[in-house]
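A.B. asks: Provided below for reference: sequence and predicted model.
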Amino acid sequence: MAARLIVENAAIATVDGADTEFPSGHVVVEGSRITAVGAGPAPDYGDETPTHRIYGAGCLLTPGLINTHHHFYQWLTRGQAQNAILFDWLVALYPVWARIDEASVYAAARASIAALLLSGCTTAADHHYVHPRNGGDVLGSTIRAADELGIRLHAARGSMDLGTSAGGLPPDYAVETIDEILEAGAQAVDHHHDPAPDAMVRVALAPCSPFSVTADLLRESATQARSLGVRLHTHGSETVEEEQYCVEQKGVRPTDYLDSLGWLGDDVWMAHRVHMNASDIARFAASRTGVAHCPSSNARLGAGIAPVPELLAAGVPVGLGVDGAASNETGQLGPELRAALLFARARRGPGVLTARQALRLGTMGGAHVLGRADELGSIEVGKLADLALWRIDGAAHSSIFDPVAALVHGALPPLELLLINGRPVVSHGHLETADIDAIAADARVQSQRLLEG
Ligand SMILES: [Zn+2]
């Protein structure tokens, strides 16, 4: 019989359809699933099931945060090209990234995942689009790191096939052929994709961006993903330069271009979507195409601020993303709640995004974007037990009377407990599944090795 875990006496923000909250409530977990949630203490089960009780007074329990866009490998190239726009930043970093291999990606993935876990993240999408010829199985390195640290992973097998000589941005030596990419995508799905409802690893197909892949690759990847039953991911409408590139090279704006190649649909999610007009937003809403909003990365690269209130008003699924740590050096998801709220208000005024809407972006919104709204994103009976218990009775938060405001407006609170699939991965602020000092040392060694070439 599976052990029972009970969290009691905590404030609870369920992020269910009615935004139900309990000032002091309980959640019961059996195995990997939530079996009870409500006000006051847990029911008295009166049976022999071994039970672990966690006293949650002074804490806020929320669904685990969901990261919808990342590039784990970039952990090793943080702090580079600090004042550049996206295109110049990419051109500076492509030659370094072209040297990654299994060992460096493994170290980077472990460090990236640790930062996510320690900031409340329980599910992460990683978009890996650099596959050097002599680099080995870098996607496998990422999946191994996720399995070891215990995070739920959506591994987006990324790709680039449009080198500089063909009018693209990446150097020719950093791209693959379409045949290589399609074969690798099929293998990744075959080896790693788990369609089961409680899957810890799912695979998506993810050509990198309109300026680094061909129209043929976009079209064929969409066909392949739909035949294999997996989701599609890419970057889109991130910068004004990308829009200019599309207009000059393809004769249309990015949304029109991607739409013409089969890239709008409820099985697609795109990172950024900063530069959208009313027609773009309406088409995303009608097709239920998801958006990964990455506020800190967009600010770091001076790309602009995505029209999140307009997207939400139209009914577009929107989640939050850290983006790669080379354009968001914290690598933490928790602070993106606050960044999303502040940037929306900086752009449009204080009423346009509430703390509860920001929390919803980071939880249920992300679950919709990754196609897992039935399993993840809220605290409801039957859902998977991915939960974050935040300590909000310390000096940083004790005078913020609203627990959700303490989490979103305040400093990122310490994590009392992070559960993934019912398993404690962080306890009392400490990572339970790996040695954080060893992760830091390995990341340092691999970063130096990579930068020195
Ligand atoms: Zn990205």
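C.D. replies: Cool, got the structure.
A.B. asks: give me the pLDDT value at G453.
C.D. replies: The model reports G453 with a pLDDT of 84.
A.B. asks: same check on V426?
C.D. replies: So, for V426, pLDDT stands at 98.
A.B. asks: report the beta-bridge partner residues of it.
C.D. replies: L418, L431 (DSSP bridges).
A.B. asks: how many neighbouring residues does A441 have?
C.D. replies: Per other CB atoms under 10 Å, the neighbour tally for A441 reads 12. (Glycine included, C-beta is placed from N, CA and C.)
A.B. asks: which of the three states applies to the residue lying closest to R202 once chain neighbours are set aside?
C.D. replies: Counting by CB to CB, 6 or more residues apart in numbering, H154 is the residue found nearest to R202 once chain neighbours are left out, at 4.9 Å. Counting by DSSP: H, G, I helix; E, B strand; the rest coil, the backbone at H154 sits in strand.
A.B. asks: which residues does H154 contact?
C.D. replies: T123, A124, A125, D126, V201, R202, V203, A204, R231, L370 (CB atoms under 8 Å, 6 or more residues apart in numbering).
A.B. asks: at 6 Å what do you get?
C.D. replies: Contact analysis of H154 by CB atoms under 6 Å, 6 or more residues apart in numbering lists A125, R202, L370.
A.B. asks: is it in a bridge, and if so with what?
C.D. replies: A125, R202.
A.B. asks: please state the offset of stretch 273-283 from the chain centre?
C.D. replies: When C-alpha coordinates are averaged (CA atoms, centre = their mean, to the nearest Å), stretch 273-283 and its chain have centres 21 Å apart.
A.B. asks: what's the end-to-end length of that stretch?
C.D. replies: 13 Å (CA to CA, to the nearest Å).
A.B. asks: then stretch 353-366?
C.D. replies: Start-to-end span of stretch 353-366 (CA to CA) is 16 Å.
A.B. asks: one more: stretch 408-428?
C.D. replies: Using CA to CA, first and last residues of stretch 408-428 are 20 Å apart.
A.B. asks: so which bits of it are buried?
C.D. replies: When burial is assessed from 16 or more other CB atoms under 10 Å, stretch 408-428 yields the following buried residues: 408-410, 412-426.
A.B. asks: and for the closest residue to A146 other than its chain neighbours, the neighbour number?
C.D. replies: Of all residues not flanking A146 in the chain, L153 sits nearest, at 4.0 Å (CB to CB, 6+ apart). Neighbour count of L153, defined by other CB under 10 Å: 24.
A.B. asks: look up how far A303 lies from L153.
C.D. replies: 26 Å (CB to CB, to the nearest Å).
A.B. asks: which of the contacts of H154 sits closest to the ion?
C.D. replies: A125 (10.3 Å; CB to the ion).
A.B. asks: who's in contact with the closest one?
C.D. replies: Going by CB under 6 Å, 6+ apart, the list of residues near A125 reads T68, H69, H154, A156.
A.B. asks: excluding chain neighbours, what is closest to the residue minimising distance to the centre of the chain?
C.D. replies: The C-alpha lying nearest the average C-alpha coordinate of the chain belongs to N67 (CA atoms, centre = their mean; 2.0 Å). Nearest non-adjacent residue to N67, counting by CB to CB, 6+ apart: A124, 4.2 Å away.
A.B. asks: which of the buried residues of stretch 408-428 fall within strands?
C.D. replies: L415, E416, L417, L418, L419, I420, R423, P424, V425, V426 (DSSP state E).
A.B. asks: ok, now which ones touch P307?
C.D. replies: By CB under 6 Å, 6+ apart, the neighbours of P307 are M276.
A.B. asks: which residues of the stretch 251-400 of the chain lie near the ion?
C.D. replies: A271, D323 (CB under 5 Å from the ion).
A.B. asks: so where's the stretch 151-300 of the chain shaky on pLDDT?
C.D. replies: Under the criterion pLDDT under 70, no range of the stretch 151-300 of the chain is flagged.
A.B. asks: need the strands for it, in chain order.
C.D. replies: Using DSSP state E, counting those that start in this stretch, the strands assigned to the stretch 151-300 of the chain run over residues 152-159, 201-207, 231-236, 268-272, 290-293.
A.B. asks: and the longest one, does that touch the ion?
C.D. replies: It stands for strand 152-159. No. On the criterion CB under 5 Å from the ion, strand 152-159 is out of touch with the ion, staying 9.3 Å away.
A.B. asks: flag every buried residue along that strand.
C.D. replies: R152, L153, H154, A155, A156, R157, G158, S159.
A.B. asks: mind checking the end-to-end distance for stretch 196-206?
C.D. replies: Using CA to CA, the two ends of stretch 196-206 sit 21 Å apart.
A.B. asks: list of residues touching it?
C.D. replies: With CB under 6 Å, 6+ apart, stretch 196-206 has contacts from 32, 127, 143, 152-158, 185, 188-189, 192-194, 221, 225, 230-234, 375, 384.
A.B. asks: ok, stretch 30-49 next?
C.D. replies: Contacts of stretch 30-49 (CB under 6 Å, 6+ apart): 1-2, 4, 6, 8, 22, 25-28, 198, 379, 381, 383-385, 421-422.
A.B. asks: at 7 Å what do you get?
C.D. replies: 1-4, 6, 8, 12, 14, 22, 24-29, 198, 379-385, 421-422 (CB atoms under 7 Å, 6 or more residues apart in numbering).
A.B. asks: buried subset of those?
C.D. replies: 4, 6, 8, 12, 14, 22, 25-29, 379, 383-385, 421-422.
A.B. asks: give me the neighbour count for the residue of the stretch 101-250 of the chain found nearest the ion.
C.D. replies: Residue nearest to the ion within the stretch 101-250 of the chain (CB to the ion): H235, separated by 5.5 Å. When neighbours are counted by other CB under 10 Å, H235 registers 27.
A.B. asks: check contacts around it.
C.D. replies: Contact partners of H235, counting by CB under 7 Å, 6+ apart, are C208, S209, M270, A271, H272.
A.B. asks: now render those as a markdown table, adding distance to V318 and neighbour count.
C.D. replies: Formatted as a markdown table, these follow (distance: CB to CB, whole Å; neighbours: other CB atoms under 10 Å):
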| residue | distance to V318 | neighbour count |
| --- | --- | --- |
| C208 | 21 | 27 |
| S209 | 19 | 26 |
| M270 | 11 | 27 |
| A271 | 11 | 30 |
| H272 | 11 | 28 |
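A.B. asks: fine by me, we can end here.
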